[in-house]
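[1] Predicted model follows, preceded by the sequence.
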Amino acid sequence: MGKPKRSGSGFSAAKQTAAPKQQVTRSSADHTAMEQQAIELINQGKLEEAETIYRKLIEEGTKNHIVYGNLAAICGTQDRFDELIELLRKTLHLKPNYPGAHYNLGNALKAQGDLTAAIGSYNTALQLNPNHQDAHINLGNALKAQGDLTAAIGSYNTALQLNPNHPNVHNNLGNALKAQGDLTAAIASYNTALQLKPNYPDAHYNLGIALNEQGDLTAAIVSYNNALQLKPNYPSAHNNLGNALKEQGDLDAAIASYNTALQLKPNYPSAHNNLGNAFKEQGDLDAAIASYNTALHLKPNYPDAHGNLSLTMLLGGDYKNGWEKYEWRTKIEKNTLKPHALPKCIRWSGETALNQINHLLLVTEQGLGDTLQFMRYATALRNQGISVSFCAQPKLHRLIKISGIDPSPLTPQEANEISEGQWIPLLSVPRHLGVSPDNPVVTEPYIKTTDELNAKWAGILSAEQLPIVGINWQGNPETEKTGLGGRSLALETFAPITGCSQISFLSLQKGFGSEQVETCSFKDRFISCQDQVNDTWDFLETAAIIANCDLVITSDTSVAHLAGGMGRTTWLLLHKVPDWRWGIEGDTTFWYPSMRLFRQRERGNWNEVMIRVASELDKFLSEKYRLVIQDG
């Protein structure tokens, strides 16, 4: 809000007016003296006394717009916005072409949340005074708040043309560029702000956020610490420092940062939620659940905390409560958690009994592995006499048909047009079926390939002289930025297996990570037709390749669900605190009876895991081929 202003000599004097209960007559000189006295009181910080004088002048009918404007500014210092707006409109009635009043009105309207009206006032101020830098700045702020980032960036740049040495504007410009996704330009703007004003904690903090989003955790941590050196009592900087430290793997330091944030600001839901995430990654599920519950006590409608609480419950084996909480996942802003289609028909949430529904459409969500794991329940529902159709990712359609899951699966685009029956997200089905370790519902293999493809790959792989172990080591890196960090491992980690087992490797890795085959120390141990396997991306044919492997060893990716769903012998490599579906302990899983789990005993230590795998592999192959010889 603009400061109260001294009256200018060019304004007309107040006319004589009638005050209530008495007639007051003052000369223009008297009014000028009163106005001057009010200004002196404002300069002394005596706003209440100045306000009394201005109100007396208004009672006496002053037509000096500056009186109204300065009284409005006094109201603004006390957040009396309704009165402020009324006074500014009276100011503009007296002097319509008063840019300062239009600017102040914009500020008041913005403070009340009326962004559209605020933008109109700022634009009017700028029509009257194009060089009003503050109006350009605040117009940019309002446009950014309204979501018009391109226009906001234009306003900030115009302000910087008027005064390039304005650190706050460079900082605001950085925020708009970051929101637009241009992290490189945002970082440049924050750095410019810091060149102009090195001791600018907010710019250091915002720079840290941008660097974090860019993946430069080390630099982000430096920026957060710079902000905290300048402003130690900065809860959000401690919170974000904790996030960067957690992502870097330093959980103890992350927890310390979250706790500092909470000492400064105990009622900080996101810090409690983040603290819960760090406890969960440490394997302290009880502490994690307590933190999520505190976050939810402070902010009951907090989808992220509900979602994290559900995953922790499921990880700990509390499937009943975990499934209930898991319904919050679709309210989390991450697009990866949204159903792949939103049909026009009603979403079923349990009000009507399943057997009373005319038709139920299952809509997939999240990743390919989730579809492969949970598509079994389409068959389970159909076996209960329910009419079911299935919407899934197109690249899985051939596999879905051959496996008997659905004869005509829909694409998400086709599912969006369905208006009859009801629909449900696929991962909500287990809740309604009561799936748990004690009630798996489906345990038999449910994924199939064709006899023709099976025979084709049996012929191709028959040239191999050694047992074939299919391996997969890398998940989607983008997924691991927001969850499942640490699930992947380097191909070279498999080296201990080659030293003690006479096997051939078959790489099931596709895309990112597959290039490691060319540089690993045991590249000569891969099957002779590996290039042909590499060119096979179809899931149905990949299933045939898996069917012809003696064993599959994989990290937590879709390959684990494909092999497990086929009932193939599969060894799953899990990081210390894995995805919820694998639980926190044990070497078997109710999801796939043919699967064996190899868990990290120490966070991040894959070498120890692989030494155990190598030892068990020798036993597995000896037993397998001893039985084959006996059968012969």
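    That came through, no problem.
[2] outside of the helix or strand encompassing residue 117, which residues touch it?
    Assigned by DSSP states H and E, residue 117 belongs to helix 115-128. Applying CB atoms under 8 Å, 6 or more residues apart in numbering, the contact partners of helix 115-128 are 97-100, 102-103, 105-107, 109-110, 132, 135-136, 138-139, 142-143, 145-146. C-betas here are computed from N, CA, C, even on glycine.
[3] Mind listing what's buried along it?
    115, 117-122, 124-126, 128 (16 or more other CB atoms under 10 Å).
[4] can you redo those residues as TSV with distance to residue 253?
    TSV is the format used below for these (distance: CB to CB, whole Å):
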residue	distance to residue 253
115	40
117	47
118	42
119	43
120	49
121	47
122	44
124	51
125	48
126	48
128	54
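[5] between the residues you listed, which is closest to residue 88?
    Using CB to CB, residue 121 comes nearest to residue 88 of those, at 8.8 Å.
[6] Point to the helix or strand of this structure where mean pLDDT is at its lowest.
    Across the helices and strands of the chain, mean pLDDT, DSSP states H and E gives its lowest value to strand 17-19, namely a mean of 33.
[7] where does the stretch 501-632 of the chain have low pLDDT?
    Across the stretch 501-632 of the chain, the ranges flagged by pLDDT under 70 are 501, 626-632.
[8] Figure out the helix or strand that residue 158 lives in.
    Per DSSP H and E: helix 149-162 holds residue 158.
[9] What lies in contact with the helix or strand following that helix?
    With elements assigned by DSSP H and E, the helix or strand that comes after helix 149-162 is helix 167-179. Identification of contacts with helix 167-179 by CB under 8 Å, 6+ apart yields 137, 140-141, 144, 149, 152-153, 156-157, 159-160, 163, 183, 185-190, 192-194, 196-197, 200, 202-203, 206-207, 209-210, 213.
[10] And helix 167-179, what's buried?
    Applying 16+ other CB under 10 Å to helix 167-179 flags 167-178 as buried.
[11] Ok, stretch 233-247 next?
    Neighbour count says stretch 233-247 has 234-247 buried, by 16+ other CB under 10 Å.
[12] So which of these belong to helices?
    Taking DSSP state H, the ones among the buried residues of stretch 233-247 that sit in helices are 235-247.
[13] before we move on, back to that, reformat the buried residues of helix 167-179 as TSV; add pLDDT and distance to residue 28.
    Output for the buried residues of helix 167-179, formatted as TSV (pLDDT from 0 to 100; distance: CB to CB, whole Å):
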residue	pLDDT	distance to residue 28
167	97	45
168	97	41
169	97	42
170	98	47
171	98	47
172	97	44
173	98	47
174	98	51
175	97	49
176	98	49
177	98	53
178	97	55
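[14] before we move on, back to that, TSV for the ones in helices among the buried residues of stretch 233-247, including distance to residue 300 and pLDDT?
    Below are those laid out as TSV (distance: CB to CB, whole Å; pLDDT from 0 to 100):
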residue	distance to residue 300	pLDDT
235	21	98
236	22	98
237	27	98
238	24	98
239	20	98
240	24	98
241	27	98
242	23	98
243	23	97
244	28	97
245	29	97
246	25	95
247	28	93
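[15] Show me the two of those that sit farthest apart.
    235 and 247 (19.0 Å).
[16] Show the backbone phi and psi for residue 573.
    phi -90, psi 120 (degrees, to the nearest 10).
[17] my guess is it meets residue 553, correct?
    Yes - contact status for residue 573 versus residue 553: in contact at 6.8 Å, counting by CB atoms under 8 Å.
[18] tell me, what's touching those two both at once?
    residue 613.
[19] ok, residues contacting stretch 510-517?
    Taking CB under 8 Å, 6+ apart as the rule, stretch 510-517 contacts 473-474, 476-477, 488, 490-492, 507, 509, 523, 526, 530, 534, 537.
[20] swap in stretch 145-153?
    In contact with stretch 145-153 (CB under 8 Å, 6+ apart) are residues 110, 115-116, 119, 140-141, 143-144, 173, 176-177, 179-180.
[21] quick check, distance from it to the centre of its chain.
    Averaging C-alpha positions (CA atoms, centre = their mean, to the nearest Å) puts stretch 145-153 21 Å from its chain's average.
[22] Quick check: residue 70 vs residue 61, distance?
    Plainly put, residue 70 is 17 Å away from residue 61 if you go by CB to CB, to the nearest Å.
[23] before we move on, what about residue 128?
    26 Å.
[24] Could you write me a ChimeraX select line covering just the buried ones among the contacts of helix 167-179?
    Provided next is the ChimeraX selection string for whichever of those are buried by 16+ other CB under 10 Å:
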select :137,140,141,144,149,152,153,156,159,160,183,185,186,187,188,189,190,192,193,194,196,197,200,202,203,206,207,209,210
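[25] The contacts of helix 167-179 in helices, which ones?
    Reading helices off the contacts of helix 167-179 with DSSP H, I get 137, 140-141, 144, 149, 152-153, 156-157, 159-160, 183, 185-190, 192-194, 196, 202-203, 206-207, 209-210, 213.
[26] before we move on, the earlier item: now do the helix holding residue 117: distance to the chain's middle.
    Using CA atoms, centre = their mean, the offset of helix 115-128 from its chain centre is 34 Å.
[27] change the start of the numbering to 41 and stick with it
    Renumbered: residue one is now 41, and that last one reads helix 155-168.
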